[in-house]
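>>> Provide a 3D model corresponding to the input given below.
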Amino acid sequence: MPAVEAESLDRLVATYRAGVGDALAAAYDGIRENPVLFGRRHFETLADVTSDTGGREVLLTADGAALIETGDRGVLVDVDCPDNMDRFKI
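Modelled structure (predicted):
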């Protein structure tokens, strides 16, 4: 997530600390993306994840899940390996 603004991370943390939810995903224009923030109660479930879907199921089903609008287009760009660098265009 090379293009995510620091303010987006700050917003996730502040929202978590305010008690809004404990499975939070950054969003841009209503689109759920990364980074995400999970509270401790989700750790065991996340440790059992075996596929590349990560915490998606928690984000879709947890009663403490919320999208946090960031206004940051950088959340739309995720580079997992060198072959993904072509996505690094904002």
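>>> can you list contacts of stretch 68-79?
The contact list for stretch 68-79 (CB atoms under 8 Å, 6 or more residues apart in numbering) reads 1-5, 7-8, 11-12, 15, 20, 24-31, 33-35, 84-85, 87-90. Yep, even glycine has a C-beta here, placed from its N, CA and C like the rest.
>>> output the contacting helices and strands for the strand ranked longest in the chain.
Of all segments of type strand in the chain, defined using DSSP state E, the longest is strand 31-38. Applying 3 or more CB pairs under 8 Å, 6 or more residues apart in numbering; DSSP states H and E, one finds that strand 31-38 contacts helix 6-17, strand 23-28, helix 56-61.
>>> change it to 10 Å
Under the contact criterion of 3 or more CB pairs under 10 Å, 6 or more residues apart in numbering; DSSP states H and E, strand 31-38 touches helix 6-17, strand 23-28, helix 56-61, strand 65-69.
>>> how about low-confidence regions in the protein?
Along the chain, the model assigns pLDDT under 70 to residues 87-90.
>>> at 80 what do you get?
The chain contains residues with pLDDT under 80 at 51-53, 80-81, 83-90.
>>> center of it - which residue?
Nearest to the mean C-alpha position of the chain, by CA atoms, centre = their mean, lies V36 at 2.4 Å.
>>> spatially nearest residue to it (excluding sequence neighbours)?
Spatial nearest neighbour of V36, excluding adjacent residues (CB to CB, 6 or more residues apart in numbering): A25 at 4.7 Å.
>>> who's in contact with that neighbour?
12, 31-38, 55-56, 58-60, 65-68, 70, 75 (CB atoms under 10 Å, 6 or more residues apart in numbering).
>>> repeat that with 8 Å
32-34, 36, 59, 65-68.
>>> distance to L46 added to the residues you listed, as TSV?
Listed next are the contacts of A25 as TSV, based on distance: CB to CB, whole Å:
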residue	distance to L46
R32	17
E33	18
N34	14
V36	10
L59	11
A65	13
A66	17
L67	18
I68	18
